[in-house]
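[1] kindly return the folded structure for what I paste below:
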Amino acid sequence: MGSMLEAGSSTVFTTTEAAVLAEGCLALSSGSPASKAAGKAKVLTTLVIRHGDEPSEAPVNKAIDDGIVNVIRLDDGRRTRARRMVDETAILYLLCTKLISLNLTLSAKRNLYQSLRKLRGKSAHSSPSILLDNFLSFDPGPQFLHWRNCIAHYAEAREAHVVRDPEIMGGVPTVRGTRIPVHSLAARFEGGESVADIKRDYPHVKHEALLAALAYAKANPKVGRPPAQITATVRAPWDK
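    Residues are numbered from 1 along each chain as shown. Sure, this is the predicted structure:
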């Protein structure tokens with residue numbers, strides 16, 4: 001199993017979030033130049049909608065079990081969370097492996113992950129050239145920067161608009177500053193209502209907050225239920 005690291009809660013993701021973010025980053029980077037340079041609202045909208053089959057946690061869990069990806073240990077002051085948590089590096093690793101058509105050795109996979117890990121906390125202005133072994137290198141290209149922006153936009157929106165507080169609704173995830181459970185909003189969206197429909201019932205909640213709540217709910221399905229098969233149409237973020 002991958003080693004244990006420590007990090008702040010705003011910089012880490014569940015393995016489900018990692019899978020959803022990897023899917024969303026790929027969807028954005030395969031679009032037009034405008035999509036690749038997407039702002040926060042576009043990123044959240046892309047994460048909310050479904051692009052074929054639901055993303056699987058299996059690749060990131062296998063990378064952890066193979067000792068490639070590190071697990072982040074989170075201590076919130078009360079207890080250490082049992083779920084596996086990873087950081088941006090794991091998501092970038094998943095994205096890079098989707099682009100590499102070769103069957104990499106375990107050593108090459110570890111080199112890839114460790115090279116990506118060295119970029120944590122650094123501002124990237126160009127795509128890195130990563131040495132996988134003595135004879136093979138990999139450059140993800142300009143989309144690498146867009147991936148990092150996509151991940152950062154989701155993390156910022158999650159921090160700004162979603163909260164889990166034991167004093168609010170028993171600790172279920174809610175829209176920050178309200179008592180609105182994010183999974184209640186997701187249930188309405190899955191039932192066919194648009195973001196604009198939901199917004200009319202909560203005029204005091206920012207449009208970005210609703211998108212953040214829906215993206216969070218998709219990436220963090222309720223325990224005991226499979227990831228939502230979202231088929232509803234999302235209107236443009238600016239459509240009130």
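[2] residue 140 and residue 96 touch, don't they?
    Yes: between residue 140 and residue 96 a contact is recorded at 5.6 Å, counting by CB atoms under 8 Å. Bear in mind the C-beta positions are built from the backbone N, C-alpha and C, glycine included.
[3] who's more crowded, the two?
    With neighbours defined as other CB atoms under 10 Å, residue 140 and residue 96 compare such that residue 96 has more, 23 against 19.
[4] and the more buried one, how far is that from residue 189?
    Applying CB to CB, to the nearest Å, the value for residue 96 to residue 189 is 31 Å.
[5] residue ranges for the helices of this protein, please.
    Ranges of helices in the chain, per DSSP state H, are 15-29, 33-36, 40-48, 58-65, 88-99, 106-117, 143-161, 182-190, 195-201, 207-219.
[6] list the buried residues in the fourth one.
    By neighbour count with 16 or more other CB atoms under 10 Å, helix 58-65 contains the buried residues 59-61, 63-64.
[7] what packs against that helix?
    Judged by 3 or more CB pairs under 8 Å, 6 or more residues apart in numbering; DSSP states H and E, the packing partners of helix 58-65 are helix 15-29, helix 88-99.
[8] one step back: which neighbours do residue 140 and residue 96 share?
    residue 130 (CB atoms under 8 Å, 6 or more residues apart in numbering).
[9] for residue 9, give me the pLDDT.
    We note a pLDDT of 44 for residue 9 in this prediction.
[10] thinking again about what came up before, so which of the helices of the chain gets nearest residue 135?
    helix 106-117 (10.2 Å; CB to CB).
[11] report the angle between the axes of that closest one and helix 143-161?
    60 degrees (axes from the mean of the first three to the mean of the last three CA atoms, to 10 degrees).
[12] tell me the angle helix 106-117 makes with helix 58-65.
    100 degrees.
[13] report the buried residues of helix 106-117.
    108-113, 115-117.
[14] and what of stretch 91-108?
    91-97, 104, 108.
[15] pull the most distant pair out of those residues.
    Greatest spatial distance among these (CB to CB): 91 and 108, at 18.8 Å.
[16] put together TSV for the buried residues of helix 58-65, with distance to residue 163 and pLDDT on each row.
    Shown next, in TSV, are the buried residues of helix 58-65 (distance: CB to CB, whole Å; pLDDT from 0 to 100):
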residue	distance to residue 163	pLDDT
59	29	94
60	25	95
61	27	95
63	30	96
64	27	96
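[17] closest one of these to residue 175?
    residue 60 (27.3 Å).
[18] who are the neighbours in contact with the closest one?
    For residue 60, the contacting residues are 15, 18-19, 69, 86, 90, 94, by CB under 8 Å, 6+ apart.
[19] out of those, what pair is the most spread apart?
    Pairwise distances across those (CB to CB) peak at 12.5 Å, for the pair 19 and 69.
[20] higher neighbour count, the two?
    Neighbours per residue (other CB under 10 Å) separate residue 19 from residue 69, with residue 69 holding more: 30 against 24.
[21] isn't the more buried one up against residue 57?
    No: with contact defined as CB under 8 Å, residue 69 does not count as touching residue 57 (11.8 Å).
[22] give me the residues contacting stretch 211-225.
    By CB under 8 Å, 6+ apart, stretch 211-225 touches 13-14, 16-17, 20-21, 41, 44-45, 47-48, 154, 157-158, 160-162, 173, 175, 180, 182-183, 185-186, 189, 195, 227-228, 230, 237.
[23] tell me the contacts of the closest residue in space to residue 213 that isn't next to it in sequence?
    Leaving aside its chain neighbours, residue 213 sits nearest to residue 182 (4.1 Å; criterion: CB to CB, 6 or more residues apart in numbering). Residue 182 sits next to 162, 173-175, 213-214, 216-217 when contact means CB under 8 Å, 6+ apart.
[24] would you mind listing which of these are buried?
    Counted by 16+ other CB under 10 Å, these give 162, 173-175, 213-214, 216-217 as buried.
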